[in-house]
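coords please:
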Amino acid sequence: MGHRVMQPFLKLNCGAIPENLLESELFGYVKGAFTGASTNGKKGYFEQANGGVLFLDEIGEMPLQLQVKLLRVLQENEVVPLGSTKAVPVDVQIVAATNRNLIDMIKQGKFREDLYYRLNVIPLSVPPLRERTEDIALLAMHFLKQFNQKYNKNYTFMPDALNLLELYSWPGNIRELQNVVERLIVVSDSETIHADLVSQLIKLDQRDTEASLVNRVIPMRQAKEKLEKDLVLLAMKQFKKNNTSRKGIGYQPILGQPQVSENHG
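As a prediction, this is how the structure comes out:
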């Protein structure tokens, strides 16, 4: 465990605060620094997080003029509050995150190259949700638990519903998944969520619904997962076909686990 584990951990979303307020939130201000300022002044996030960690979310949204001041803090380990000429020493570890391409922003003159390399000490790339389908069901169950507590309900996912969620490409990533799970709870007439309800809220495009052909050697577990997704898709198509010709027939999921034979000969 690091020596900062018992120290403050603060988070600031750089894209959620107006530009004219972001500077005072980060660096603080002294008495009379500007009209409407507190008579006692205010410590900024850097001073509040002194000794600990400051998480700057959506760092790509930070204005250029504040990027210059942030760079100075990182280089000099000191911050100058608004309205003051006295530097305050700070010892803060910075964690920054963004969903924007900072390299492209540097080329466009929207992000400072020196700040980028100052921040980019240990880069961690989180793949989009469509590239880690194994996390979709786990995240969906996590959000379901949260919303069950929020709405005082006891909703559950059927396996066919989770399989259908895994087929979707999730262009909005985790936030979209979180919103869909909440919508499922709000609109569901039953505390058991089936694939037919999921299909009403997410629209699978051709890329999502194409049969996944195995064109390379992959582990048997992955092959089974691909086959199961294909079976779910075929069942959904059959359900829609039958539903148009037979009115009043309820949907009853009948899918079981796919059987894949292994030939060791």
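
what's around residue 4, how many residues?
For residue 4, the count of nearby residues is 15 (other Cβ atoms under 10 Å). For glycine as for every other residue, the C-beta is placed from the backbone atoms N, C-alpha and C.

Mind listing the residues bridging to residue 10?
Counting by DSSP bridges, residue 10 forms beta bridges with residue 54.

State the pLDDT value of it.
On pLDDT, residue 10 comes in at 96.

Report the separation between residue 118 and residue 62.
According to Cβ to Cβ, to the nearest Å, residue 118 stands 13 Å off from residue 62.

correction: residue 150
From residue 150 over to residue 62 the distance is 32 Å, taken as Cβ to Cβ.

Look at those two and report which has more neighbours.
The residue with more neighbours, out of residue 150 and residue 62, is residue 62; 23 against 10, by other Cβ under 10 Å.

tell me the SS of the closest residue to residue 112 other than its chain neighbours?
Among residues not flanking residue 112 along the chain, residue 67 sits closest, at 4.8 Å (Cβ to Cβ, 6 or more residues apart in numbering). What DSSP: H, G, I helix; E, B strand; the rest coil gives for residue 67 is helix.

which residue ranges form the strands in the stretch 101-250 of the chain?
For the stretch 101-250 of the chain, applying DSSP state E, counting those that start in this stretch gives strands covering 156-157, 192-193.

The first one pairs with which strands, parallel or anti?
Going back to what we said before, that points to strand 156-157. Here strand 156-157 is paired, per DSSP bridges, with strand 192-193 (parallel).

got the contact list for the strand it pairs with?
Applying Cβ atoms under 8 Å, 6 or more residues apart in numbering, the contact partners of strand 192-193 are 155, 156, 157, 158, 161, 184, 185.

Now find how far off-centre it is within its chain.
24 Å (Cα atoms, centre = their mean, to the nearest Å).

hmm, back to that, residues in contact with the residue nearest to residue 112?
Contacts of residue 67 by Cβ under 8 Å, 6+ apart are 111, 112, 115.

Could you chop the chain up by domain?
The record's domain split for the chain, according to automatic domain parsing, is 9-119, 129-245.

ok, the residue nearest to the spatial centre of the chain - contacts?
Most central in the chain under Cα atoms, centre = their mean is residue 174, positioned 4.2 Å from the mean C-alpha point. Shown in contact with residue 174 (Cβ under 8 Å, 6+ apart): 129, 139.

can you do 10 Å?
By Cβ atoms under 10 Å, 6 or more residues apart in numbering, the contact set of residue 174 is 126, 128, 129, 135, 136, 139, 142, 143.

can I get those in CSV with neighbour count and pLDDT?
Output for the contacts of residue 174, formatted as CSV (neighbours: other Cβ atoms under 10 Å; pLDDT from 0 to 100):
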residue, neighbour count, pLDDT
126, 11, 86
128, 13, 89
129, 21, 91
135, 15, 94
136, 20, 94
139, 17, 96
142, 15, 97
143, 19, 97
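
Just the ones in helices from these, please.
Using DSSP state H to define helices, the subset of the contacts of residue 174 located there is 136, 139, 142, 143.

Distance check, the residue nearest to the centre of the chain against residue 130.
Going from residue 174 to residue 130 by Cβ to Cβ gives 11 Å.
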